[in-house]
Structures are given as C-alpha cells and as structure tokens.
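# This is a predicted model, with the sequence first.
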Amino acid sequence: MTDENKTEAPSRDEAITAMANQYLSNATLGEALSLVPFTTLVQLVQNQAMTQAQREVDGMTDEQVADVIKASVPPESE
C-alpha cells in the first residue's frame, strides 16, 4: 500500500459506509431475509432468547427460579 492509498483509505471507508447505509435503508424485510440462511436466522433467534432468559433469571429469587422450572415440566400422564 502506498502513501497515496493510505490517505484515500478513510474516504473509501466513508463511501463504503454510506453505500451500505443506502442499501439497508432501501432493503425490504424479504430481501434482507433472503440473504441469510434459515439456519443462521434460527441460531440468532435462539441466541437472543437465551440472552433474554439469562437476564430475567439473573434477577429472580431462588423461589421464582424453582417456580419457572416447575411450570416448564409437563404434567405426568396417567
């Protein structure tokens, strides 16, 4: 990389950011989702659910945690 290229780098980064923002503002949900594999979307949702659950459980008492666990166990069939 020459010195001339180094001085151009910030303006290129700015141009890349500007163009990416333009693409994102024009993209529809369908277009955005079509670019991401389904398994990746599932993993993102699972990670977000786990993160949210972790935050909520961290703020619970031991009794509340026990209640959550008890409520999640299906009733035994007869």
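Cool, the structure landed.

# so how far is E56 from D62?
As judged by Cβ to Cβ, to the nearest Å, D62 and E56 stand 14 Å apart. (C-beta placed from N, C-alpha, C; glycine too.)

# average pLDDT for stretch 22-31?
The predicted model gives stretch 22-31 an average pLDDT of 85.

# start to end distance for that stretch?
Between the opening and closing residues of stretch 22-31 we find a distance of 14 Å, counting by Cα to Cα, to the nearest Å.

# Likewise for stretch 34-41?
From its first residue to its last, stretch 34-41 covers 11 Å (Cα to Cα).

# Run the chain-centre distance for that stretch.
The chain centroid and the centroid of stretch 34-41 are separated by 12 Å, computed with Cα atoms, centre = their mean, to the nearest Å.

# got the contact list for that stretch?
Surrounding stretch 34-41, the residues in contact under the criterion Cβ atoms under 8 Å, 6 or more residues apart in numbering are L33.

# what pLDDT, on average, does it get?
With pLDDT averaged residue by residue, stretch 34-41 scores 90.

# buried sites along that stretch?
For stretch 34-41, the neighbour count (16 or more other Cβ atoms under 10 Å) marks no residue as buried.

# related to what we said a few turns ago, compare neighbour counts for D62 and E56 and give me the winner.
Taking neighbours as other Cβ atoms under 10 Å, D62 and E56 compare with E56 leading, 11 against 7.

# Quick check: that one vs A66, distance?
Counting by Cβ to Cβ, the gap between E56 and A66 amounts to 15 Å.

# now S72
Using Cβ to Cβ, which is the criterion applied here, S72 is 11 Å from A66.

# Could you check which of the two has the larger neighbour count?
In this comparison of S72 against A66, neighbours counted by other Cβ under 10 Å, the higher total goes to A66 at 11 against 7.

# so what pLDDT did that one get?
According to the model's per-residue confidence, A66 sits at a pLDDT of 92.

# what does the helix or strand containing it rub up against?
In this assignment (DSSP states H and E), A66 forms part of helix 62-72. The set of residues that contact helix 62-72 without belonging to it, under Cβ under 8 Å, 6+ apart, is V57, M60.
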